[in-house]
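**Student:** can you look at this prediction? I've put the sequence above it.
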Amino acid sequence: MRKKIAAANWKMNLTIQEGKELVNSILNEIQSIPEGKELIFAVPFPYITEIETQLKGHQNTSVAAQNISNLKAGAYTGEVCGFMLQSIATKYVIIGHSERRMYFHETNEVTKSKVDLALEYKISPLFCCGEPLEIRESGSQNEFVYKQVEESLFHLDAENIQKVVIAYEPIWAIGTGLTASSEQAQEMHAAIRNLLSSKYGHNVAENISILYGGSVKANNAAELFAMKDVDGGLVGGASLDAHEFAAIVKAL
Ligand code: PEP
């Protein structure tokens, strides 16, 4: 059975003190995360160890990095690579977020290398895909997303693809307040699962969690998460508010 996941993406926000306070308030509100569900905090690199320590003893919670280098090691000032993240026990890493594709020019080829390096160091990729507004308006969103998934993930074997969590994040819904309707989300999630099924077979496709991201809030989470192929959410803005995010986690 695939997992239901709520993942907070803090992006480049919060001091470590503010972050710890936020985690504390969220944990107080939700109390516990049952088996089969997982709560993930994708935090800035310098906070990973401290937030991991804070989560110790809280079952089914983990920390994600927000990025990983596409280079293995060596003279690349400022980069953070797979073995470093592994050495601080990072369980997940976000790869292919639209902000990185847009501002840091990450191509499908680059995200493919990142996926490989994450897996080499036993870190599960939280792989983001999603189309811009003009592609949605032209009606070619499925082909656009298929290309992202195929070019960055379809070289993986059946064992490794099941270590990946996919996040469908339509770019027009990220940080804009616009949310895909639950029907639009379900339609794309089912299409991604069918694509996975055509390559890896039904059983493998059924094991892969596909999260929705794009202006998930307390007031729309339950409806989105009730969709058959929506296995939770990757949440930006609303994850910075303890009460709002706790409500999203409870909607899983
Ligand atoms: C994100 O950045 O992954 C995201 C979904 O942001 P927001 O929830 O703010 O739209």
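**Tutor:** Received it, and whenever you're ready, just let me know what you need. Numbers count the residues shown, from 1 in each chain.
**Student:** C-alpha only now, for contacts and for neighbours.
**Tutor:** Will do.
**Student:** close to the ligand: what parts of the chain are there?
**Tutor:** Within the chain, the residues that sit near the ligand (C-alpha under 6 Å from any ligand atom) are 9, 173-175, 213-216, 234-238.
**Student:** and if we set it to 8 Å?
**Tutor:** 9, 11, 97-99, 169, 173-177, 179, 212-217, 233-239 (C-alpha under 8 Å from any ligand atom).
**Student:** and those, which are buried?
**Tutor:** 9, 97-98, 169, 173-175, 179, 212-217, 233-239 (16 or more other C-alpha atoms under 10 Å).
**Student:** okay, and for this structure, where does confidence drop off?
**Tutor:** Scanning the chain for pLDDT under 70 picks out no residues.
**Student:** show me where it has strands.
**Tutor:** Ranges of strands within the chain are 4-9, 37-43, 61-65, 92-95, 124-129, 165-168, 210-213, 232-235, based on DSSP state E.
**Student:** tell me what the first one is packed against?
**Tutor:** Here strand 4-9 is seen to pack against strand 37-43, strand 232-235 when contacts are counted using 3 or more C-alpha pairs under 8 Å, 6 or more residues apart in numbering; DSSP states H and E.
**Student:** contacting residues around residue 227?
**Tutor:** By C-alpha atoms under 8 Å, 6 or more residues apart in numbering, the contact list for residue 227 reads 182, 183, 186.
**Student:** how does it look with 10 Å?
**Tutor:** When contacts are counted by C-alpha atoms under 10 Å, 6 or more residues apart in numbering, residue 227 touches 182, 183, 185, 186, 187, 189, 190.
**Student:** what's the burial count for the last one?
**Tutor:** Residue 190 has 16 neighbouring residues, counting by other C-alpha atoms under 10 Å.
**Student:** surely it meets residue 228?
**Tutor:** Yes - contact criterion C-alpha atoms under 10 Å: residue 190 and residue 228 qualify, at 8.3 Å.
**Student:** overlap in contacts, the two.
**Tutor:** Common neighbours of residue 190 and residue 228, using C-alpha under 10 Å, 6+ apart, do not exist here.
**Student:** all helices of this structure, in order?
**Tutor:** Counting by DSSP state H, the chain has helices at residues 16-30, 48-55, 82-87, 98-103, 108-120, 133-138, 141-153, 158-161, 182-200, 202-207, 218-225, 242-250.
**Student:** buried stuff in the first one?
**Tutor:** By neighbour count, and taking 16+ other C-alpha under 10 Å as the criterion, the buried residues in helix 16-30 are 16, 19, 20, 22, 23, 25, 26, 27, 29.
**Student:** ok, now how distant is residue 176 from residue 15?
**Tutor:** According to C-alpha to C-alpha, to the nearest Å, residue 176 stands 24 Å off from residue 15.
**Student:** and if you look at residue 128?
**Tutor:** Distance, residue 128 to residue 15, by C-alpha to C-alpha: 25 Å.
**Student:** who touches residue 205 in this structure?
**Tutor:** 2, 158, 161, 162, 192, 193, 194, 195, 196, 197, 198, 199.
**Student:** skipping adjacent residues, who's closest to residue 101 in space?
**Tutor:** Among residues not flanking residue 101 along the chain, residue 107 sits closest, at 6.4 Å (C-alpha to C-alpha, 6 or more residues apart in numbering).
**Student:** what of residue 185?
**Tutor:** residue 212 (7.0 Å).
**Student:** contacts only, for that neighbour.
**Tutor:** Here residue 212 is in contact with 5-6, 128-130, 166-170, 179-180, 182, 185-186, 188-189, 221, 224-225, 229-235 (criterion: C-alpha under 10 Å, 6+ apart).
**Student:** swap in 6 Å and give it another go.
**Tutor:** 167, 168, 169, 233 (C-alpha atoms under 6 Å, 6 or more residues apart in numbering).
**Student:** does the first one touch residue 130 like I think?
**Tutor:** No - the criterion here is C-alpha atoms under 6 Å, and residue 167 misses it with residue 130 at 8.3 Å.
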